[in-house]
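Student: 3D, please:
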Amino acid sequence: METPESRADASDTPNNASSGEDNTAAPSLVGTESDNVLPDLILLTTGESVELQAPAPVNIDPSLPAPRKRRRRKKQFPEMISSADAVNGLRVIRNKSGNRSTEDVGDYEYDNLSSRRRRRNSSDLDVETLIAISVGFPIDSLTEEEIEANVVKTIGGTEQSNYIIVRNHILALWRSNVDVWLTREHALESIRAEHTHLVDSAYSFLLEHGYINFGLAAAVKAAKLNPPEGSSRGDVIVIGAGLSGLVAARQLIFLGFKVVILEGRARPGGRVRTKKMSGGDCVAAADLGGSVLTGINGNPLGVLARQLGFPLHKVRDICPLYLPNGNTVNPEIDSKVEFAFNKLLDRVCKLRQSMMEEAKSIDVPLGTALEAFRHVYKVAEDPQEKMLLDWHLANLEYANATLMSNLSMVFWDQDDPFEMGGDHCFIPGGNDRFIRALAENLPIFYNQTVKSIKYGSDGVLIHANGKEYHADMVLCTVPLGVLKKRSIEFIPDLPQRKKDAIERLGFGLLNKVAILFPYDFWGGEIDTFGHLSYKTSMRGEFFLFYSYSSVSGGPLLVALVAGEAAIGFEQLSPVESVNKVMEILKGIFNPKGIAVPEPLQAICTRWGQDQFSYGSYSYVGIGASGNDYDILAESIGNGRVFFAGEATNKLYPATMHGAFLSGLREAANMSRMAKRRSVPKPNDTNKSVSVPENLI
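Tutor: Numbering: from 1, shown residues only. Below you'll find the predicted structure:
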């Protein structure tokens, strides 16, 4: 079996078949499909050493407006911030209010919780409420999970109000120091004895559902991988070693289950993939899949970064746009079109509100509605304005990983109210650092492509690569694209309700071209810049460039391909794609007197052709709604088959933290089902089905 270290080495080292050979002539093209991960294609070029003048600084007008990103704001990050300060962004709120830091949150004593004792400032409770809100808890009510867990005897009333205060306090107490294991005794220290039952209820709920004591701090890891003494609560197979599968496995082991993970690829991570690129003395880490921590307030990945001591790279909003001829877009025209674009979206919002009031079943493509309003209000009739509008639409297609014509006008942004607050950040060195840490010491079997899942009253039977795996329950974390392809046979078949949700939800495509250069010629003043296209159909082709120089370890640019262009991109050769990118860069920088050097290495992704994903991330298609995410998350087979992944998370779809949180959610659901099943029943003839010892 591979060790985590050997797996990391294998996935980080590009397959360079021309290593050691003379590449001074034509560039060599090398495929990297040996690990069955992602058919990304690598273009390696090394030319003769040429001494070049230092590039002139790029003149950026600081008044240039940054594009407004309406959903899952995609940003770049110029400065390093301490993950300890950034992740718990609500520290700042506490300091601004003139109160003590969150480290002191446990020093107060609760008496009559509903009335809030005078010696405890109400602003301290307000901060705890804000922390609870940041991780998804409502202000003055219970979540469905809490109701199902029977955290209070009666819904509503004083007991519920007191429970919420206690729950928020415990949550804030752990968030103030995520490097320790918060014990029940510590949680009790500041709460009077008559409320012990509320502490027991809140602490147990938060612990089992992964709201506290999760992550990769030494104290947490030690507890998580040392299950309670006694017999196992059951055997679980997790299909997929992506973020949701890895965190679910850790939580399930902690909850007392025997767990094995079956992964079809030769590496962990799923759609999170960091690739090391190199050439000459330059080395860089490129995130080819999930890359952005979209908001860090309450974000569990922010907690992981804090525990591991990873710095965060925070956004700088300057994003100049360039015309196809390389000229900078006029700032006044840019502002005018951006304003018009947002007004169009506002018009659509008003239209859908009236439609939902009149006839809830009506839905049309978002692109159709926007184009209709554009004609009615005569927006962007000038050619340059039309190109600018197309750029904003391409950015929207990037956020949703699909064409505007595929998006539901009614529900395309149903998750907007739940966006994580705070800065959007990158992890220097890539998100593979999370994956390595999460996969460490877990029983993962690689190159195990699951063909069927058979389930019944006695458990589950999984067929993968000619082998059979038996267990009590299975957690399926494969991407929505795999479910759409029906790559896995379910026996019995999936309920029609779930099949309909799979059909309605969309699974889109985003591709990237990562290019390593010998030096940073674009300058350090910007982290993103955009490029406009003459053709509407190609508006998403290399429309946005990310500068990863500050986070990757080397002079790395990543060009994004979204919308219709992302589909056609997969039919182009890597040489064609990289040449197109180079033409754009030379068109922008050469007129400024800045020489664009030949790339040292380039990688083109092909997520649509990856048999373990068939795309990038989910979106709400026409006729779909947020409810379809919930349907996809429902277990089947009387609690034998469970589902996790970003496409099962209505609040945080299409995000890494959405996948992470879904894994914790399902671990709790499986634990609850195991408790129900363990209750003795008259004439209970169910037999225990175990994972064979030789597989553990």
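Student: alpha carbons only for contacts and neighbour counts from here, please
Tutor: Will do.
Student: And the helices in the stretch 401-550 of the chain?
Tutor: Using DSSP state H, counting those that start in this stretch, the helices of the stretch 401-550 of the chain run over residues 432-439, 480-485, 496-504, 549-552.
Student: Of all the ones you listed, which one is nearest R665?
Tutor: Smallest distance to R665 across the helices of the stretch 401-550 of the chain (C-alpha to C-alpha): 16.8 Å, for helix 432-439.
Student: Can you name every helix or strand that that closest one contacts?
Tutor: Where contact means 3 or more C-alpha pairs under 8 Å, 6 or more residues apart in numbering; DSSP states H and E, helix 432-439 is packed against helix 4-12, helix 243-254.
Student: lowest-confidence stretch among those?
Tutor: The minimum mean pLDDT among the helices and strands packed on helix 432-439 belongs to helix 4-12 (a mean of 32).
Student: Show me the shaky parts of the chain.
Tutor: 1-125, 230-231, 315, 358-361, 680-696 (pLDDT under 70).
Student: which residues of the stretch 201-350 of the chain fall in helices?
Tutor: Using DSSP H, counting those that start in this stretch, the helices found in the stretch 201-350 of the chain span residues 218-224, 243-254, 300-308, 331-358.
Student: Of all those, which one is nearest Q609?
Tutor: With C-alpha to C-alpha as the measure, helix 243-254 is the member of those nearest Q609 (20.8 Å).
Student: Also compute the angle for that closest one relative to helix 432-439, please.
Tutor: Inter-element angle recorded for helix 243-254 and helix 432-439: 30 degrees (by axes from the mean of the first three to the mean of the last three C-alpha atoms, to 10 degrees).
Student: what's in contact with helix 243-254?
Tutor: 210, 223-228, 238-239, 258-261, 269-270, 272, 435, 438-439, 442, 475, 477, 644-646, 656, 659-664, 666-667, 671 (C-alpha atoms under 8 Å, 6 or more residues apart in numbering).
Student: 7 Å instead?
Tutor: With contact meaning C-alpha atoms under 7 Å, 6 or more residues apart in numbering, helix 243-254 is reached by 224-227, 238-239, 259, 269, 438-439, 477, 644-645, 659-660, 662-664, 667.
Student: Report whether E397 is found in a helix, as I expect.
Tutor: Yes: according to DSSP: H, G, I helix; E, B strand; the rest coil, E397 belongs to a helix.
Student: hmm, back to that, from the contacts of helix 243-254, which land in strands?
Tutor: V238, I239, V259 (DSSP state E).
Student: what residues are up against the second one?
Tutor: Spelled out, that is I239. If you count contacts by C-alpha under 7 Å, 6+ apart, I239 has them with G245, I261, L262, E263, L475, C476, T477, V478.
Student: With distance to V337 added, can I get those in CSV?
Tutor: Listed next are the contacts of I239 as CSV, based on distance: C-alpha to C-alpha, whole Å:
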residue, distance to V337
G245, 43
I261, 50
L262, 49
E263, 47
L475, 47
C476, 44
T477, 41
V478, 40
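Student: Now distance to K451 and neighbour count too, for these, in a markdown table please.
Tutor: Formatted as a markdown table, these follow (distance: C-alpha to C-alpha, whole Å; neighbours: other C-alpha atoms under 10 Å):
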| residue | distance to K451 | neighbour count |
| --- | --- | --- |
| G245 | 18 | 36 |
| I261 | 15 | 23 |
| L262 | 11 | 23 |
| E263 | 12 | 26 |
| L475 | 15 | 25 |
| C476 | 12 | 21 |
| T477 | 14 | 29 |
| V478 | 12 | 27 |
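Student: Dump the helices of the stretch 401-550 of the chain to JSON lines, plus distance to N579 and mean neighbour count.
Tutor: Putting the helices of the stretch 401-550 of the chain into JSON lines (distance: least, C-alpha to C-alpha, whole Å; neighbours: other C-alpha atoms under 10 Å) gives the following:
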{"stretch": "helix 432-439", "distance to N579": "28", "mean neighbour count": "21"}
{"stretch": "helix 480-485", "distance to N579": "30", "mean neighbour count": "19"}
{"stretch": "helix 496-504", "distance to N579": "37", "mean neighbour count": "16"}
{"stretch": "helix 549-552", "distance to N579": "21", "mean neighbour count": "22"}
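Student: Can you add distance to K454 and give those back as CSV?
Tutor: As requested, the helices of the stretch 401-550 of the chain are exported to CSV (distance: least, C-alpha to C-alpha, whole Å):
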stretch, distance to K454
helix 432-439, 27
helix 480-485, 15
helix 496-504, 17
helix 549-552, 44
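Student: wait, which of these is closest to K350?
Tutor: K350 lies closest, by C-alpha to C-alpha, to one member of these: helix 496-504, at 24.0 Å.
Student: From the contact counts, what lies against the closest one?
Tutor: Packing contacts for helix 496-504, counted by 3 or more C-alpha pairs under 7 Å, 6 or more residues apart in numbering; DSSP states H and E, involve helix 627-633.
Student: From the contact counts, what lies against the helix it packs on?
Tutor: In terms of contacts (3+ C-alpha pairs under 7 Å, 6+ apart), helix 627-633 is packed against helix 496-504.
Student: got the CA coordinates for the helix it packs on in PDB?
Tutor: As requested, the backbone C-alpha atoms of helix 496-504 are provided in PDB (Å, rounded to 0.1, in the frame of the first residue of the first chain):
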ATOM      1  CA  GLN A 496     -37.100   8.200  -9.100                       C
ATOM      2  CA  ARG A 497     -37.100  11.300  -6.900                       C
ATOM      3  CA  LYS A 498     -33.300  11.200  -6.600                       C
ATOM      4  CA  LYS A 499     -32.800  10.400 -10.300                       C
ATOM      5  CA  ASP A 500     -35.000  13.400 -11.200                       C
ATOM      6  CA  ALA A 501     -32.900  15.700  -9.000                       C
ATOM      7  CA  ILE A 502     -29.700  14.400 -10.600                       C
ATOM      8  CA  GLU A 503     -31.200  15.200 -14.000                       C
ATOM      9  CA  ARG A 504     -32.400  18.700 -13.100                       C
END
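Student: First-to-last residue distance for stretch 567-579?
Tutor: Start-to-end span of stretch 567-579 (C-alpha to C-alpha, to the nearest Å) is 18 Å.
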